[in-house]
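J.: have a look; sequence and predicted model below, questions after that.
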Amino acid sequence: MIKKFKLKYILIFFLVFSLGFISQDKDKYYQIVKSIDIFGRIFKQVNNNYVDNIDVEQFMLAGINGMLSSLDPYTVYLNKNSKNDFNLLTSGKYGGIGVTVGLQNGKVTVIDLLEGYPAQRQGIRIGDVIVKIDTQEISSKNYNKLSNYLKKVPGTEINLTVEREGFPNPITFNLITEIIEIKNVTYFGFVPDISNNAYIKLSGFSRTAGEEVKNAISKLQKQKEIKSIVLDLRGNPGGLLESAIEVCDNFLKKGKLIVSVKGKNNIVSSKMFAKEKPVAENLPLAVLINGGSASASEIVTGAIQDHDRGIVVGTESFGKGLVQTVVPLSNSASLKITTGKYYTPSGRSIQRIDYSHSNKVFIDHDKLKRAVFKTDNKRKVYSAEGIKPDSVVYSNDDSRTINTLMARGMFFKFATSYYNSHPETDYITLSADTIFTAFKKYLSNKKFAYNNRFDNIFNMLKNEINKYAPSDSLTMNLNNLKIELNNMKDNILLKYKPDIVSEIRQEFAARIFGRKGRIKQSLKNDVQFDTAVKILNNRKLYNKILNILE
């Protein structure tokens, strides 16, 4: 429960903060003091007089969160747990067992394992359902507290009990936590194997991201000559600004502007430049992005695009162009607050959503406008829409069928079931027909319902006929129509057979070869990656896209 002195501490913080406004705007200072006084009075009155007892700490948190939610999603109060997550981002390390979990059909399920760490070494599998940690029963109800149970001081003993499909009884693993280092570069290599194209998958921007990219390039250069590079930032949500700068250092000439930050009243607070000699200064470069590429990913991509350093392939990025600063409030709490906006070297803002639009909280704000800017080679780029690729290519999993199967976890669940029940199978040589046939049978056994629009229309029609015009002949025709609809579903599955088999092969690869295996397998049926490689191999087209004079 929050003590009185903590409440006073918060009030004093706001009062001291407000003093800076006195010389500029006495009226605003008065409004701040008045608002804090009203807030304090309301808090006290509700706490003392509300009909039911109030949890003071939760009530205060609700007030803080409600106030901050009127600004943007990134300005938040960080309590102990969320502060630990932020510290993980900055340090890139934590004490744990090297397991990633998620909810699958309401069950706490292992969805990834970090290679070389206790969970993977001792035989925990992707697809295992966690039911108990030490004496604590685990379910979806306490899923949000799972980090408290799994992240411990290195050397701590953890007893992890799982249920595994195909096994009659739960399995308990005795694990000792270790220092887990988060890898930003989750895979690198020459892809295709016989080519001179280097592929680097960058999944985050914690403290060591720039150094990891540099080391990956250096290691590949020792294997053989690199003639082109694909930097994959798809699904990378961003991270530290400093790490984005260090990643750019590997590709941009020393002294090139990477990003500008404008703070309150649109004043430029800082400009950041490439400060190291790049290890891949002149190599043809392609950057892959999608809607999951945000923040630091967009800073890197924007700098590459604006300086015409490489091509950008994929779909439009997320569009997060806001800068956050963490202000300590106490030993266990901080305030993460938006203090500025990012601008790419050409001067464009990558922010897509205008949180100040129709929001009475904001006054005298700059409205987001889509405007034209120019790259170094005079190519047109646009603000207020994230980063738009030079070559827009939609991925294989953009179809409704694939998305539905993926969202329902059918690829994951099928791979778990098949892998556990066929331990001796050579999954590398397993044919596409065998995989596809087994998957269709699995969907049928699970009575998987597509619930597509044709089914909805059919059910509405059937109900209306049965209600208002029942007829044997119509019923017979409806049954025949249902058969046709089911055949159509089989044809839809057949249409997407290569993509379905590809997704399942990725799941098999993850279970056999880990995260790296999944990534490498995914590239075998990746139209965005294939497009990037084709452009890199066609120097004339590459130069044309970048408006480079030959």
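T.: Structure's in. What do you need?
J.: count of residues packed around Ser431?
T.: When neighbours are counted by other C-beta atoms under 10 Å, Ser431 registers 9. Bear in mind the C-beta positions are built from the backbone N, C-alpha and C, glycine included.
J.: so where's the longest strand in this protein?
T.: The residue-count maximum for a strand in the chain (DSSP state E) belongs to strand 334-343.
J.: show residues contacting whatever helix or strand comes next after it.
T.: Later in the chain than strand 334-343, the nearest helix or strand by DSSP states H and E is strand 372-374. If you take C-beta atoms under 8 Å, 6 or more residues apart in numbering as the criterion, strand 372-374 is touched by Asp306, Thr344, Ser346, Gly347, Arg348, Lys380, Val381, Tyr382, Ser383.
J.: scan those and report the most crowded one.
T.: Of these, with other C-beta under 10 Å as the count, Thr344 tops at 27 neighbours.
J.: show me the strands in the stretch 301-450 of the chain, by range?
T.: For the stretch 301-450 of the chain, strands defined by DSSP state E, counting those that start in this stretch occupy the ranges 311-314, 322-328, 334-343, 372-374, 380-382, 391-392.
J.: ok so, going back, would you mind putting the contacts of strand 372-374 into TSV with pLDDT alongside?
T.: Rendered in TSV, the data for these read as follows (pLDDT from 0 to 100):
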residue	pLDDT
Asp306	98
Thr344	98
Ser346	98
Gly347	96
Arg348	96
Lys380	97
Val381	98
Tyr382	97
Ser383	96
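J.: go through those and name the one nearest Ser358.
T.: When the contacts of strand 372-374 are compared for distance to Ser358 (C-beta to C-beta), Ser383 comes out closest, at 20.2 Å.
J.: Ser91 is nearest to which of the strands of the stretch 301-450 of the chain?
T.: With respect to Ser91, and counting by C-beta to C-beta, the nearest of the strands of the stretch 301-450 of the chain is strand 322-328 at 13.7 Å.
J.: what residues sit buried inside the closest one?
T.: The neighbour-count check on strand 322-328 (16 or more other C-beta atoms under 10 Å) flags Leu322, Val323, Gln324 as buried.
J.: do the same with stretch 418-437
T.: Going by neighbour count (16+ other C-beta under 10 Å), the buried part of stretch 418-437 is Tyr418, Tyr419, Asn420, Tyr427, Leu430, Ile435, Phe436.
J.: could you report the pLDDT at the fifth one?
T.: Read that as Leu430. You'll see Leu430 listed with a pLDDT of 95.
J.: now for it: which residues touch it?
T.: Remark: with contacts taken as C-beta under 8 Å, 6+ apart, Leu430 is in contact with Phe508.
J.: got a pLDDT number for Asn456?
T.: pLDDT recorded at Asn456 is 74.
J.: number of residues surrounding it?
T.: Counted with other C-beta under 10 Å, the burial measure for Asn456 works out to 10 neighbours.
J.: measure Tyr50 to Gln58 for me?
T.: Per C-beta to C-beta, to the nearest Å, Tyr50 is found 13 Å from Gln58.
J.: flag the shaky bits of this protein, pLDDT-wise.
T.: Of all residues in the chain, those with pLDDT under 70 make up the ranges 1-26, 81, 83, 397-398, 450-454.
J.: what domains does the record give for it?
T.: Domain assignment for the chain, taken from automatic domain parsing, gives 4-70, 93-181, 185-359+367-394, 398-525.
J.: how many neighbouring residues does Ala469 have?
T.: 8.
J.: for it, what are its contacts?
T.: Contact criterion C-beta under 8 Å, 6+ apart gives no residues in contact with Ala469.
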